[in-house]
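Student: with the input below, show me the fold.
(one chain, ligands or ions: 1)
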Amino acid sequence: MKATVRAHTNIALIKYWGKRDENLFLPTNSSLSITLDRFYTETTVHFDHCLSEDVFWLNHVQADQKETKKIRAFLNKVRDLTGEVRSARVESVNHVPTASGFASSASGFAALAGATVKASGVTLSERELSQIARQGSGSACRSIFGGFVEWQKGIATDGSDSYAVQLLDQKAWDLRILAIEVSTEAKKVLSREGMKRTVATSPFYQGWLKATEVDLVTAKKAIAQRSFTLLGETLESNALKMHATTLGADPPFMYWQSSTLIVMETVQALRDKGLEAYFTIDAGPNVKVICKPEVEQKLINELSRLDVVKHIYPCQIGPGLCYLEG
Ligand code: PMV
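Tutor: Alright, predicted model coming up:
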């Protein structure tokens, strides 16, 4: 059996930062994201009784042992659930700009979860798929859905109540996202390691947990009321708080570069001049700027003047999993 699935990346407006269970990918806090239309992964999974072990091809090249091991471990989790016994050939193509520093693990594991389950001949709900995708990369559980998505952290030790739910569909509120590339270097501290170190050592972590709970409630209220200003202020402040926890870690680390700060300052300065936009940053130096459609072009013009900006990718809000032919 063979299946091909497309999944889009997402960016968190309220960040997932820290796990309470490393094996099951259970988060310490709930998070909220928007799915992006522009960046996605397409994955084909083909279960074949002729194969003696799983093989993984990424962007048309056979992946190394380390990458293949990660995929195999994930496939084993799905096989345990679906009763599938055959090995698989997995072919994944990332439509995320090469080496841009924009994470593809969310779209990657969401597409892999969807294609593996479908190729096993099993039908699961989106909620169940979200729980499976979560166990490849936490943020992947949100990419099962389009639009505005909340990952509810849950409290059960087996992870049965930790999954994503859609708050608004793709068309419900037209916001624009500018993905601003300032660096294509690989990040020094991967998100998995970064959150682990922060949870274990940062004295700011408890403050983060308290504050992010309040931010989530505020962001959901802003979304329900379509209040862009309230949402923008909340998401920008939430990103700053997440990054503040890393400065308190031992050893400390920082995802920002000087170019990151220049973009942040420029967004704030433009806002002071009446061009309303807000920034967020994940586990790397690149910046995402959120705005309303009517200011998008003006913002692109202003930001593209900055020497530190290598590329601007304008994005819209995107869909959830899409099952493709073949
Ligand atoms: O799921 P991961 O391991 O890619 O971690 C994502 C961490 C952040 O991007 C910083 C925040 C988030 O909620 O996506």
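Student: can we go C-alpha only for contacts and neighbour counts from here?
Tutor: Fine.
Student: who's in contact with residue 167?
Tutor: 147-150 (C-alpha atoms under 8 Å, 6 or more residues apart in numbering).
Student: nearest residue to residue 32 in space, ignoring adjacent ones along the chain?
Tutor: Take residue 32 and drop its neighbours on the chain: the residue closest to it by C-alpha to C-alpha, 6 or more residues apart in numbering is residue 150, 4.3 Å away.
Student: and the gap between that neighbour and residue 16?
Tutor: 10 Å (C-alpha to C-alpha, to the nearest Å).
Student: overlap in contacts, those two.
Tutor: The contact sets of residue 150 and residue 16 overlap at 30-31 (C-alpha under 8 Å, 6+ apart).
Student: quick revisit: contacting residues around the residue nearest to residue 32?
Tutor: Going by C-alpha under 8 Å, 6+ apart, the list of residues near residue 150 reads 30-33, 142, 164-167.
Student: what of residue 95?
Tutor: 39-42.
Student: now, among those, which is nearest to residue 325?
Tutor: residue 42 (11.3 Å; C-alpha to C-alpha).
Student: sec struct for the closest one, please.
Tutor: strand (DSSP: H, G, I helix; E, B strand; the rest coil).
Student: any idea whether the residue sitting furthest away from the middle of the chain is helix, strand or coil?
Tutor: The centre of the chain is farthest from one residue, residue 50, which by C-alpha atoms, centre = their mean lies 34.8 Å away. On the three-state scheme (three-state DSSP), residue 50 is labelled coil.
Student: gap between it and residue 86?
Tutor: 8 Å.
Student: and if you look at residue 41?
Tutor: Residue 41 is 24 Å from residue 86, by C-alpha to C-alpha.
Student: so which of the two has more stuff around it?
Tutor: For residue 41 versus residue 86, neighbours defined as other C-alpha atoms under 10 Å are more numerous around residue 41 (24 against 17).
Student: and stretch 36-50, does that touch the ligand?
Tutor: No: counting by C-alpha under 6 Å from any ligand atom, the ligand is not contacted by stretch 36-50; separation bottoms out at 12.5 Å.
Student: low-confidence stretches in the stretch 51-200 of the chain?
Tutor: 98-101 (pLDDT under 70).
Student: enumerate the residues of it near the ligand.
Tutor: 105, 137-139, 191-192.
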